[in-house]
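Visitor: Following is a predicted model, sequence given first.
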Amino acid sequence: MQSSTRDDKPLYGKVAVVTGASSGIGAAISRQLAAAGAKVAMAARRENLLKKIQDEISKEGGAALAVRCDVTNRAEVKELIQHTESTLGPVDILVNNAGIWVIRCMKNLHEEEWDQQVDVNIKGVLNCIGAVISGMCERKRGHIVNMSSQSGKTPLVGIAVYTGSKFFVEGMSRTLRQEVCKDGVRVTCIQPGEVETPGFARYLMTMEDEQVAVVTGASCGIGAAISRQLAAAGAKVAMAARRVNLLKEIQDDISKEGGVALAVKCDVTNRAEVKELIQHTESTLGPVDILVNNAGIWVIRCMKNLHEEEWDQQVDVNIKGVLNCIGAVISGMCERKRGHIVNMSSENGMKPAVGFAVYTGSKFFVEGMSRTLRQEVCKDGVRVTCIQPGDVETPGLATTLTTMDDEQCKQLYTYPFPYPVLEPEVIAQTVLYAVTTPDHVAVNEILVQPREGPL
Ligand SMILES: NC(=O)C1=CN([C@@H]2O[C@H](COP(=O)(O)OP(=O)(O)OC[C@H]3O[C@@H](n4cnc5c(N)ncnc54)[C@H](OP(=O)(O)O)[C@@H]3O)[C@@H](O)[C@H]2O)C=CC1
Ligand SMILES: N[C@@H](C=O)C(=O)O
């Protein structure tokens, strides 16, 4: 069995187990992980299909192992992991992809189908986690990726038991994440919409053609990282903020790297300035393909302390500023039948946090508006993505946490954090991933947090 020889591959030397690997998403995941340098144990009941994929991966210079396994059989799952570990090494990544669904209303009472879906989608996932979790925690390293579904978030007539099983995956995953986050183990849920398998092999994260992106809040922190990343991927980037001196420094850096960037002074709370930003961008770089609404501010202070001017500032930037930018690009994007709006939300768009009430409200606004806008423009060729970061090391984070004067909040939040937080580049990568997927693909939400700071 050949294994990856180049150690510049991101998963070089890692061992991955992928269930449901004989077709569809599981086969595509296996190929992608092998191409990234991992040694992949592919598990499914149809061993003949696995061996075909194994041969294809080997011809590409990858390392794959075909293992017949029915995930509903705990003994077979334990054998799968033992065989993998003795052949390839300790398991670093488990992808619980095996799953089945039947489209039939419950009132038609095909209870044996209920049992089958529970056995594969719930017990099968638990069997696999049970076989790897102790080893991962002992090694202080591991990643469990559970294939959930859009049905893990919203109900759909005819697939009640399937939906229930994916809600199980979501709930169990969120709890397991909290349990093992300090053991060096990460837990990720993937929530696909309809997927036409067989898979597609095009490598993501590269831009098909020169696209024009506008990034607000680009003078530092996450916005600066996004600008650099998009420019490096080939986009022409208009960077907007009030501190144009900082923008110009970043523009120079990008130019030295051979990229194309424009520094534009703009206060997103000023609608006229935003319209001028877009007009200048379109006349200089071309029609706007991507808008990244990144500019945002927050103040850590309990509402009862009544700093109402801070409330207004956060509403003006995080809500009105976002609306001003969308208002300046949405018609053009719909006319061109092409566009991508990326709204920088936050983990605080998903949960409350003492001291962040108005900020949290602004991010909940972003989430609700984005979900609705997405439905309005999805047939106009326009996509809307929300990025939901946990704590990210930026000037904003450092400033707000070190200048906090609210006693109640000072008891709650320490800085630096007791665990590693995210780098701005990590968030920039999520934006690049979302905007480089093919037009028919919509990455709607990406929640990315410090491993030890899960929701
Ligand atoms: N850091 C974190 O932990 C997290 C941040 N986020 C979100 O990420 C985004 C960026 O945060 P982060 O990089 O940390 O913040 P920073 O404070 O480091 O940077 C904020 C950026 O926004 C710009 N900005 C602020 N107000 C305005 C305005 N009125 N008009 C134009 N630009 C403005 C600033 O530029 P200038 O002052 O030059 O105008 C700066 O470039 C925000 O939306 C934030 O809510 C979400 C989750 C976590
Ligand atoms: N880290 C928060 C801002 O400080 C956020 O999650 O947005």
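Guide: Received it, and whenever you're ready, just let me know what you need. Numbering: from 1, shown residues only. Ligands and ions are numbered 1, 2, ... in the order given.

Visitor: Give me the mean pLDDT for stretch 71-82.
Guide: For stretch 71-82, the mean per-residue pLDDT is 97.

Visitor: Please apply the same query to stretch 400-412.
Guide: Mean predicted confidence for stretch 400-412 is 93.

Visitor: Stretch 360-373 too?
Guide: Confidence over stretch 360-373 (mean pLDDT, whole number) is 95.

Visitor: go on, stretch 293-301?
Guide: Mean per-residue pLDDT for stretch 293-301: 97.

Visitor: Write out the residues of the chain neighbouring ligand 2.
Guide: Residues of the chain lying close to ligand 2 by CB under 6 Å from any ligand atom are 298, 346-348, 391, 397, 400. Quick note: C-beta positions are derived from backbone N, CA and C, even for glycine.

Visitor: for the chain, what spans make up the strands?
Guide: Along the chain, counting by DSSP state E, strands occupy 15-19, 39-44, 63-68, 93-96, 142-147, 185-190, 212-216, 236-241, 260-265, 290-293, 339-344, 382-389, 445-448.

Visitor: Tell me the strands beside the last one, with direction?
Guide: Strands flanking strand 445-448 in the sheet, each with its direction: strand 382-389 (parallel) (DSSP bridges).

Visitor: Is the strand it pairs with in proximity to ligand 1?
Guide: Yes. Counting by CB under 6 Å from any ligand atom, contacts between strand 382-389 and ligand 1 involve Pro389.

Visitor: Now tell me what touches that strand from outside.
Guide: By CB atoms under 8 Å, 6 or more residues apart in numbering, the residues outside strand 382-389 that reach it are 222, 330, 333-334, 338-347, 349-350, 366-367, 370, 373-374, 377, 422, 427, 430-431, 434-435, 439, 442-449.

Visitor: And the residues of the chain next to ligand 2, which is closest to ligand 2?
Guide: Of all the residues of the chain next to ligand 2, Ser346 has the smallest distance to ligand 2: 3.5 Å, by CB to the nearest ligand atom.

Visitor: I'd like to know how far the residue lying closest to that closest one once chain neighbours are set aside sits from Pro395.
Guide: Distances taken as CB to CB, 6 or more residues apart in numbering place Lys363 nearest to Ser346, at 4.6 Å, with adjacent residues excluded. Separation of Lys363 from Pro395 (CB to CB, to the nearest Å): 19 Å.

Visitor: From the neighbour counts alone, determine which of these two ranks first.
Guide: Between Lys363 and Pro395, counted using other CB atoms under 10 Å, the more crowded position is Lys363 (27 against 13).

Visitor: Report the contact partners of that one.
Guide: Lys363 is in contact with 318, 345-346, 348-349, counting by CB under 8 Å, 6+ apart.

Visitor: next one: Val120
Guide: Contacts of Val120 (CB under 8 Å, 6+ apart): 71-72, 98-100.

Visitor: Of the residues you listed - the most surrounded one?
Guide: For these, the largest number of neighbours (other CB under 10 Å) sits with Val71, at 27 neighbours.

Visitor: That residue and ligand 1: what is the separation?
Guide: 36 Å (CB to the nearest ligand atom, to the nearest Å).

Visitor: Got the confidence number for the nearest residue to that residue once chain neighbours are set aside?
Guide: With CB to CB, 6+ apart as the criterion, Val71 has its nearest non-adjacent residue at 3.3 Å, and that residue is Gly124. Listed pLDDT for Gly124 reads 95.

Visitor: got a list of what Gly124 touches?
Guide: Taking CB under 8 Å, 6+ apart as the criterion, Gly124 is in contact with 19, 71-72, 77, 96, 98-99.

Visitor: on that earlier part again, between the contacts of Lys363, which is closest to Met106?
Guide: Using CB to CB, Gly349 comes nearest to Met106 of the contacts of Lys363, at 33.4 Å.

Visitor: For Thr87, see how far away the closest one is.
Guide: Between Gly349 and Thr87 the distance, using CB to CB, works out to 44 Å.

Visitor: again with Ile122
Guide: 28 Å.

Visitor: neighbour-wise, which of those two wins?
Guide: Taking other CB under 10 Å, Ile122 and Thr87 do not tie; Ile122 has more neighbours (19 against 13).

Visitor: Distance check, that one against ligand 1.
Guide: Plainly put, Ile122 is 33 Å away from ligand 1 if you go by CB to the nearest ligand atom.

Visitor: Can you pull the residues of the chain lying near ligand 1?
Guide: Contacts of the chain with ligand 1, taken as CB under 6 Å from any ligand atom, map to 216-223, 241-243, 246, 266-269, 294-298, 317, 321, 344, 346, 389, 391-392, 394-397.

Visitor: And the residues you listed, which of them are buried?
Guide: 216-223, 241-242, 246, 266-269, 294-298, 317, 321, 344, 346, 389, 391-392, 394, 396-397 (16 or more other CB atoms under 10 Å).

Visitor: Those in helices, which ones?
Guide: The helices, defined by DSSP state H, take in 221-223, 246, 321, 396-397 from those.

Visitor: Tell me the one among these nearest to ligand 2.
Guide: Distance to ligand 2 across those (CB to the nearest ligand atom) is lowest for Leu397, with 5.3 Å.

Visitor: Show the pLDDT at the closest one.
Guide: We note a pLDDT of 96 for Leu397 in this prediction.

Visitor: For it, give me its contacts.
Guide: 221, 391, 415, 421.

Visitor: can you check Leu262 too?
Guide: Listed by CB under 8 Å, 6+ apart, the contact partners of Leu262 are 236-239, 251, 280-281, 284-285.

Visitor: Count the residues that sit near Pro420.
Guide: Quick note: Pro420 (other CB under 10 Å) scores 13 neighbours.

Visitor: how far away is it from ligand 2?
Guide: Distance from Pro420 to ligand 2, by CB to the nearest ligand atom: 14 Å.

Visitor: is it true that that residue touches Val426?
Guide: No. Contact between Pro420 and Val426 fails when scored by CB atoms under 8 Å: they sit 10.8 Å apart.

Visitor: Tell me which two of the contacts of Leu397 sit farthest apart.
Guide: The span of these, defined through CB to CB, is set by Gly221 and Tyr415 at 15.2 Å.

Visitor: Tell me the gap between stretch 51-63 and the middle of its chain.
Guide: Centroid separation for stretch 51-63 versus its chain: 28 Å, with CA atoms, centre = their mean, to the nearest Å.

Visitor: low-confidence ranges in the stretch 51-200 of the chain?
Guide: Applying pLDDT under 70 to the stretch 51-200 of the chain picks out residues 196-200.

Visitor: Please tell me how far whichever residue of it sits closest to ligand 1 sits from Arg451.
Guide: Going by CB to the nearest ligand atom, ligand 1 is nearest to Cys181 of the stretch 51-200 of the chain, at 17.4 Å. Separation of Cys181 from Arg451 (CB to CB) stands at 5 Å.

Visitor: And Gln251, by the same measure?
Guide: On the measure of CB to CB, Gln251 and Arg451 end up 34 Å apart.

Visitor: These two: which is more packed in?
Guide: Between Gln251 and Arg451, counted using other CB under 10 Å, the more crowded position is Gln251 (22 against 19).
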